[in-house]
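Undergrad: I need the structure of the sequence given here:
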Amino acid sequence: MTRPRILAVVPARGGSKGLPGKNIRPLAGLPLIAHSIRAAALTPQVSRCVVSTDSTEIAAVARQSGGDVPFLRPAELARDDTPMAPVVRHALEWCEREEGEPYAAVLLLDPTSPARVPQQLAAAADLLFSSDGLDGVISVSEPTFNPVWVGVRPGSSPDGALERYFAAGTGVTRRQDTERFRRINGNFYLWRADFVRRLEQSWFDEGRHAGAEIPEAQAFSIDDEYEFRLIEALVAADIITLPWLERS
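TA: Just a heads-up that it's a prediction; the model follows:
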């Protein structure tokens with residue numbers, strides 16, 4: 001039986017404002033982008049992994065890390081407000097045109113979420129291809145607090161008295177009585193290629209997705225200095241284990 005072809009896409013736009021240069025900043029001895037490239041390389045279900053970037057500097061670092069950078073992303077797809085859907089679709093169409101063969105699915109691996117492991121990516125692929133009614137499988141996790149229990153916001157009264165953010169928390173007096181809460185953590189997104197081709201705006205609103213639950217400790221999305229230093233500390237303490245790192 002032929003295995004469905006999966007294209008992994010690592011999006012790495014230059015010009016990050018929250019943490020300049022974060023995509024190539026070293027984490028545990030490797031440029032941040034290299035962790036996503038290594039994770040894809042160790043996942044047998046991934047047929048090819050490409051880096052989509054508009055930056056020649058990021059492209060050079062990715063290639064030095066073993067990455068495949070077959071094109072530079074057009075400037076119109078590298079603006080601050082560019083949605084991810086056309087970026088992924090551009091990479092898919094570029095690779096299919098070059099190879100003359102379609103892909104079955106696209107795996108989005110953001111460099112700023114380096115803690116996912118190949119077993120989780122493989123499990124997501126198995127889930128997607130065993131469920132005809134799904135358009136995708138996305139990583140989710142249970143946060144360390146339950147927003148249904150503690151979520152509040154200032155109300156509309158003149159004194160700004162707090163009100164519950166989620167109506168589901170009304171009347172609940174014990175944390176243990178709240179339903180488990182899971183969040184989309186951005187570690188990975190696996191979509192059928194047909195869904196990527198027809199996607200217009202919101203993947204969540206336009207498709208049916210299953211969640212692949214991972215530990216919250218792996219659910220990193222690095223946007224600032226604090227988050228970068230935190231994952232550095234967790235990797236150094238072996239609380240997060242990245243299987244592609246060589247340990248002395």
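
Undergrad: Any idea how far the helix or strand where Glu163 lies is from the middle of the chain?
TA: Here Glu163, judged by DSSP states H and E, is contained in strand 162-164. Put simply, strand 162-164 sits 32 Å off its chain's centre (CA atoms, centre = their mean, to the nearest Å).

Undergrad: Ok, stretch 47-54 next?
TA: 14 Å.

Undergrad: Show me what the strand holding Glu163 pairs with in its sheet, parallel or antiparallel.
TA: Strands that pair with strand 162-164, judged by DSSP bridges, come out as strand 152-154 (antiparallel).

Undergrad: Could you list the buried residues of the strand holding Glu163?
TA: Across strand 162-164, burial judged by 16 or more other CB atoms under 10 Å covers Arg164. In short, each C-beta sits where N, CA and C put it, glycine included.

Undergrad: Now tell me what touches that strand from outside.
TA: 151-155, 170 (CB atoms under 8 Å, 6 or more residues apart in numbering).

Undergrad: Give me the contact list for the lowest-mean-pLDDT helix or strand in the chain.
TA: Least confident helix or strand, the chain: helix 147-150 with a mean of 92, by mean pLDDT, DSSP states H and E. With contact meaning CB under 8 Å, 6+ apart, helix 147-150 is reached by 165-166, 168-169, 172, 175, 178-179, 181.

Undergrad: mind redoing it with 10 Å?
TA: Contact partners of helix 147-150, identified using CB atoms under 10 Å, 6 or more residues apart in numbering, comprise 164-170, 172, 174-181, 183.

Undergrad: So for that helix, what gets flagged as buried?
TA: 148-149.

Undergrad: and if you look at stretch 76-92?
TA: Those would be 77-78, 82, 85, 87-92, for stretch 76-92 by 16+ other CB under 10 Å.

Undergrad: next one: stretch 58-72
TA: 58-59, 61-62, 65, 67-69.

Undergrad: can you check stretch 202-214 too?
TA: Buried residues in stretch 202-214 (16+ other CB under 10 Å): 203, 207, 209-214.

Undergrad: Now do it: distance from first to last residue.
TA: With CA to CA, to the nearest Å as the measure, stretch 202-214 spans 23 Å from end to end.

Undergrad: now that stretch: mean pLDDT?
TA: Stretch 202-214 shows a mean pLDDT of 96 in the predicted model.

Undergrad: same question, stretch 102-117
TA: Averaged across stretch 102-117, pLDDT comes to 97.

Undergrad: Export it to PDB, keeping only CA atoms.
TA: The C-alpha trace of stretch 102-117 is given here as PDB (Å, rounded to 0.1, in the frame of the first residue of the first chain):
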ATOM      1  CA  PRO A 102       0.200  15.900  -5.900                       C
ATOM      2  CA  TYR A 103       0.500  15.700  -2.200                       C
ATOM      3  CA  ALA A 104      -2.200  14.200   0.100                       C
ATOM      4  CA  ALA A 105      -1.500  16.500   3.100                       C
ATOM      5  CA  VAL A 106       0.500  19.400   4.300                       C
ATOM      6  CA  LEU A 107       2.100  19.600   7.800                       C
ATOM      7  CA  LEU A 108       2.800  23.100   9.100                       C
ATOM      8  CA  LEU A 109       5.700  23.300  11.500                       C
ATOM      9  CA  ASP A 110       6.300  26.700  12.900                       C
ATOM     10  CA  PRO A 111       9.900  27.200  14.000                       C
ATOM     11  CA  THR A 112       8.700  28.900  17.200                       C
ATOM     12  CA  SER A 113       7.200  25.700  18.400                       C
ATOM     13  CA  PRO A 114      10.300  23.400  18.600                       C
ATOM     14  CA  ALA A 115       9.200  20.900  21.200                       C
ATOM     15  CA  ARG A 116       7.000  18.500  19.200                       C
ATOM     16  CA  VAL A 117       8.400  15.100  18.600                       C
END
